[in-house]
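**Student:** next come a sequence and a model predicted from it.
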Amino acid sequence: MAVEDSYFLFDNNLYKQIDGMAMGSPLGPLFANIFLSHYESIWLKDSPVKPVLYKRYVDDTLWLLPANSNVSDLMSYMNSRHNNMRFTFETETNNSINFIGLNIMHHEYDSSKHCYTTNVYRKPTATQLCMNFNSFVSISYRLSVLKCLLYRAFRICSNWQLIHTEISFIRSMLLRNAYPGWLIDRVIKNAVTHFVNPVLKYGPRKEAVYIGLPFLGKSTDSLRATILRIGKQFIPHKDIIIYYKPGKRSSNFFHNKDVTPTALRSHVVYEYLCTQCNLGYIGQTVRHLRHRVAEHAGVSHLTGNPVKSVVHSKIRDHCGLCQNSSCDLSNFNILATGSSDIELLVKERLLIDQKKPLLNGNVGSLDLLLF
Ligand SMILES: [Zn+2]
């Protein structure tokens, strides 16, 4: 983006910031945006100073003001608009101002002519660390880091000289992150060719098919290439998008969370086994297992005393007939878990079909029409 204009005199950029909104909350940016979208149009209409350019990103706003504008008038106007809002501002220093990831340089090459150049802005604290080339991730993800930086350079830098400087910087940064020079140069060449002569695609957008694969190293990358090649051949009207899921991680082997006691686990398929005759029963519950066990025993889960209105239970019926049998938590174990009601019902039915527990009477709670 380059702004060149000889009709107006621009010599102030005003940057304002809104405080007083809970920007840490996930809904903060959305509310800030709705709030400001509503008010800014009203305020701008009545503003004592009319900006030549006005761009806002959530709570940061870039103003380009006409020469000799009274900034303090504008500030007191903006600060008197709403009790909950305080605006602060920054003006350009050394003919330059930073706005989000953008550095805007102001050039004055005649007393009446001004122009602006834009460049990529990095905070002084930026570490220049990015995804290392030796990281255990797909090559497509590693190359995306480079392509993304190049795309940003191309979109933000306003002339070829700035693009060249930025690309040189990206190259040295990626070399320090172990990317091979020949690969960087090849991607740069392809990217620049694509930016200058973009390949335009016509026709309707293809339907996307997402395939998730566990990432297991180089072989996954070649599997991806094979799937894409087969897809192109047999379903050319669909766009196959392959993404990777982590395989086994070290956290899978070292659990650092406390184990939930069996009595307090919920959304489970459970099995009851009679210690005397080994007859079994399979059921499912979305409540804490101890609630369901108490229900089977016909006692209160709070006091352990018999309850007056008991629900029918095949386990309790059995305990009445089988001598020395019991119905407490030690008779129960968890066979499966499920995140939804339907998942629990399906798992319960499949386990009943597999184990055929006699107390269920060969009846599952859900009919599965999978034959
Ligand atoms: Zn029994």
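**Tutor:** Received the coordinates, thanks.
**Student:** any idea where the helices of the stretch 1-150 of the chain begin and end?
**Tutor:** Secondary structure of the stretch 1-150 of the chain by DSSP state H, counting those that start in this stretch: the helices cover 28-46, 71-79, 139-156.
**Student:** partners of Ile93 in the sheet?
**Tutor:** Heads up, residue 93 is Thr, not Ile. Taking DSSP bridges, one obtains Ser96 as the residues bridged to Thr93.
**Student:** what average pLDDT does stretch 145-162 get?
**Tutor:** Averaged across stretch 145-162, the pLDDT comes to 94.
**Student:** so which bits of it are buried?
**Tutor:** Taking 16 or more other CB atoms under 10 Å as the basis for neighbour counts, the residues of stretch 145-162 that come out buried are 145-146, 149-150, 153-154, 156-158, 162. Every residue, glycine included, has its C-beta placed from N, CA and C.
**Student:** among those residues, which two are most distant?
**Tutor:** Looking at the buried residues of stretch 145-162 by CB to CB, the two members farthest from one another are Val145 and Ser158, with 23.7 Å of separation.
**Student:** of all the buried residues of stretch 145-162, which comes closest to the ion?
**Tutor:** For the buried residues of stretch 145-162, the residue nearest the ion by CB to the ion is Val145; the value is 63.4 Å.
**Student:** so where's the chain shaky on pLDDT?
**Tutor:** Per-residue confidence for the chain (pLDDT under 70) gives these ranges: 1-24, 362-366, 368-371.
**Student:** close to the ion: what parts of it are there?
**Tutor:** 274, 276-277, 322, 325 (CB under 5 Å from the ion).
**Student:** buried subset of the residues you listed as a PyMOL selection?
**Tutor:** Only the buried members of those enter the following PyMOL selection, criterion being 16+ other CB under 10 Å:
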select buried, resi 274+325
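**Student:** and the residues of the chain next to the ion as CSV, adding distance to Leu102?
**Tutor:** CSV is the format used below for the residues of the chain next to the ion (distance: CB to CB, whole Å):
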residue, distance to Leu102
Cys274, 73
Gln276, 77
Cys277, 77
Cys322, 78
Ser325, 75
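**Student:** could the residues of the chain next to the ion go into CSV alongside secondary structure and distance to Thr260?
**Tutor:** As requested, the residues of the chain next to the ion are arranged in CSV below (DSSP: H, G, I helix; E, B strand; the rest coil; distance: CB to CB, whole Å):
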residue, secondary structure, distance to Thr260
Cys274, coil, 26
Gln276, coil, 29
Cys277, coil, 30
Cys322, coil, 31
Ser325, coil, 27
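**Student:** Asp221: neighbour count?
**Tutor:** By the criterion of other CB atoms under 10 Å, Asp221 has 17 neighbours.
**Student:** roughly how far apart are it and Asn134?
**Tutor:** 15 Å (CB to CB, to the nearest Å).
**Student:** the inter-axis angle of the one helix or strand Ile230 maps to versus helix 139-156?
**Tutor:** Assigned by DSSP states H and E, Ile230 belongs to helix 218-234. Compare the direction of helix 218-234 with that of helix 139-156 by axes from the mean of the first three to the mean of the last three CA atoms, to 10 degrees and you get 70 degrees.
**Student:** contacting residues around helix 218-234?
**Tutor:** Where contact means CB atoms under 8 Å, 6 or more residues apart in numbering, the residues beyond helix 218-234 that reach it are 138-140, 209, 211, 213-214, 238, 240, 242, 244.
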